[in-house]
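Engineer: One predicted model, sequence on top.
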Amino acid sequence: MDASTTTETAAPLVELLDATISQEARPVLEHVSFRLAKSEFAYLVGRTGAGKSSLLKTLYADLPLLMGTGAVAGFDLPRLAAGRVPYLRRRLGIVFQDFQLLGDRTVTENLLFVLNATGWKGKARRQQRVQDVLTQVGLSGIGGRMPHRLSGGEQQRVVIARALLNEPALLLADEPTGNLDPEVADGIMDLFTEINHAGTAIIMATHNLALLQRYPHRVLTCKDGQLLDTGSVG
């Protein structure tokens, strides 16, 4: 079965229809319509201020969807009550450019904090999950280190590990390689490729167009208040 058939027959993981993406009540993208299938990888590109981050924030319900329809991982965005937002986010992994790690806690403590907050029971089970995700991102031996003792690439891998804790259906990444050297960025992209091949869908906002050539995937472009589906680069 080819990808197009899968997209048509399976329920999409993300679907927006004639949606308006707004920041502080100001529309930044209008008439947005797109679908993302399970296990699909799509880049989100466009100039600074074009709406990339606002679109991602709408998908994880940090910004409300006030016009149009939309659903993410089975959650209806326009009708999503505030009390249901944490349940949506447990289906998602979110990777920020600026890491947002807790500087006064070790790597393991950073990850355990998330597991405790999302209701994981059992000390042994939580410890095992932390070890599993650190191994998955190639950092099995650094759980006892403080974040400031890690390189930028290692910190970003910890952030990715944190995003994977709840086995998300969808990973949303906002400029995850923006602060990294090219060689380190390639390592992060190799990791994203492995995660995607294991079944997690990814939407990644980026300014680094060279990555699109080396790691070609579907490209969604924010331009002139619209979202354009420009296919695959490379």
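Structural biologist: Arrived safely.

Engineer: alpha carbons only for contacts and neighbour counts from here, please
Structural biologist: Will do.

Engineer: so how far is stretch 58-76 from its chain's centroid?
Structural biologist: Averaging C-alpha positions (Cα atoms, centre = their mean, to the nearest Å) puts stretch 58-76 15 Å from its chain's average.

Engineer: correction: stretch 20-39
Structural biologist: With Cα atoms, centre = their mean as the basis, stretch 20-39 stands 15 Å off its chain's centre.

Engineer: Ends of that stretch, what's the gap?
Structural biologist: Counting by Cα to Cα, to the nearest Å, you get 25 Å between the two ends of stretch 20-39.

Engineer: Give me the domain ranges for the chain.
Structural biologist: The chain breaks down into these domains under automatic domain parsing: 1-91+169-182+196-234, 99-167.

Engineer: contact partners of the longest helix that the chain contains?
Structural biologist: When the chain is parsed with DSSP state H, its longest helix is helix 182-197. With Cα atoms under 8 Å, 6 or more residues apart in numbering as the test, helix 182-197 has contacts from Ser39, Glu40, Phe41, Val137, Gly153, Gln156, Arg157, Thr177, Ile202, Leu211, Tyr215.

Engineer: picking up where we left off before, now distance to Asp190, mean neighbour count and mean pLDDT too, for the domains of the chain, in TSV please.
Structural biologist: Putting the domains of the chain into TSV (distance: least, Cα to Cα, whole Å; neighbours: other Cα atoms under 10 Å; pLDDT from 0 to 100) gives the following:
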stretch	distance to Asp190	mean neighbour count	mean pLDDT
domain 1-91+169-182+196-234	9	18	90
domain 99-167	10	17	94
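
Engineer: Distance to Ile188 for those domains - can I get that in TSV?
Structural biologist: Formatted as TSV, those follow (distance: least, Cα to Cα, whole Å):
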stretch	distance to Ile188
domain 1-91+169-182+196-234	7
domain 99-167	7
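
Engineer: Which stretches in the protein count as strands?
Structural biologist: Counting by DSSP state E, the segments of the chain that form strands are 14-23, 26-36, 41-45, 67-72, 75-76, 92-95, 170-174, 201-205, 218-223, 226-232.

Engineer: C-alpha coordinates for the fourth one, PDB please?
Structural biologist: Yep, that's strand 67-72 we're talking about. The C-alpha trace of strand 67-72 is given here as PDB (Å, rounded to 0.1, in the frame of the first residue of the first chain):
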ATOM      1  CA  MET A  67     -12.200  29.900  13.600                       C
ATOM      2  CA  GLY A  68     -12.400  26.700  11.400                       C
ATOM      3  CA  THR A  69     -12.200  23.100  12.500                       C
ATOM      4  CA  GLY A  70      -9.300  21.100  13.700                       C
ATOM      5  CA  ALA A  71      -8.400  17.800  15.400                       C
ATOM      6  CA  VAL A  72      -5.100  16.500  16.800                       C
END
